[in-house]
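Undergrad: what would the 3D arrangement of this be:
(one chain, ligands or ions: 1)
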Amino acid sequence: MSGRLAQSGERGVRNAEVVGSSPIPSTTVHSPPPACTVPLCPVSVYNKTMRFAVDCMLGKLAKWLKILGFDTVFHGRIEDDALMEQARSEGRTLLTRDTGLFARAKDLPKLFIESERWEDQVHQVLTAFNLREQVLPYSRCIECNAELAPLSRDAAANLVSASVHGSANTFSICSLCGRVFWKGTHSRRMEKKMKEILNRGQDRDV
Ligand SMILES: [Zn+2]
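TA: Numbering: from 1, shown residues only. Coordinates of the predicted model:
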């Protein structure tokens, strides 16, 4: 999937073309979620430097956390121990729907994801850690999770097609993989979803 995104908002969010991540199949059978979803620390400890490690069954959640600008690692295939070690070593909060993994991650900040619907999952994470004010859409590469850096129009000339260079005004580049992003005709569907996600956060009853 490839869709160009442009987002304007009161926080002056950066615009970008977003290239979708590959869907990751999961064959693991999971038990119903437990009742406990309590983070291990007060919300205020988390939300300034929130980083996530997302388990392999939650690819859509991981993708959207990156779209919203949050530092998020996701692996299509990874052993539980390896994921927990990465979370531990990088100071990440574990997000999972796997009851076994959730129970084993005793020493990690963690959140059990309750819903099977990714929209509800995103809402749960943003609400649980009070992250609504931290959202910075399209500021992070959804392929490799690195932050995007501004790219001058002159520099972009050598990196995008002539038609893109002629039609877009603002460019950015992934600091890790070098992927170039720009304002442009964006995915209506993705933008609609973005509005739903952000608007939902303003409705405390949802
Ligand atoms: Zn990248």
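
Undergrad: contacts and neighbour counts: CA atoms only from here.
TA: OK.

Undergrad: for Leu148, see how far away the residue in the chain sticking out farthest from the centre is.
TA: With Cα atoms, centre = their mean as the measure, the chain has its most outlying C-alpha, relative to the mean C-alpha position, at Ala162: 30.3 Å. With the distance defined as Cα to Cα, to the nearest Å, Ala162 ends up 22 Å from Leu148.

Undergrad: next one: Thr127
TA: Counting by Cα to Cα, the separation of Thr127 from Leu148 is 25 Å.

Undergrad: spell out which parts of this structure neighbour the ion.
TA: Those residues of the chain that sit near the ion, judged by Cα under 5 Å from the ion, are Cys141, Cys144, Cys174, Cys177.

Undergrad: so Thr127 and Leu148 - more neighbours on which side?
TA: Ranked by neighbour count (other Cα atoms under 10 Å), Thr127 and Leu148 place Leu148 first, with 24 against 14.

Undergrad: if I pick Thr72, what's in contact with it?
TA: Residues near Thr72 by Cα atoms under 8 Å, 6 or more residues apart in numbering: Arg51, Phe52, Ala53, Val54, Ala62, Leu65, Lys66, Asn145.

Undergrad: out of the residues you listed, list just those in helices.
TA: Using DSSP state H, the subset of the contacts of Thr72 located in helices is Ala62, Leu65, Lys66.

Undergrad: same for the longest helix along the chain, what does it pack against?
TA: Ranked by residue count and defined by DSSP H, the top helix of the chain is helix 188-200. Identification of packing neighbours for helix 188-200 by 3 or more Cα pairs under 8 Å, 6 or more residues apart in numbering; DSSP states H and E yields helix 118-128.

Undergrad: in this structure, where is pLDDT below threshold?
TA: Under the criterion pLDDT under 70, the flagged ranges of the chain are 1-48, 183-187, 201, 203-206.

Undergrad: and if we set it to 90?
TA: Within the chain, the stretches falling below the threshold (pLDDT under 90) are 1-50, 132-139, 142-143, 164, 167-171, 175, 181-195, 197-206.

Undergrad: who are the contact partners of the residue positioned nearest the centre of it?
TA: In the chain, the residue lying closest to the centroid (Cα atoms, centre = their mean) is Leu65, at 1.8 Å. By Cα under 8 Å, 6+ apart, the contact set of Leu65 is Asp71, Thr72, Val122.
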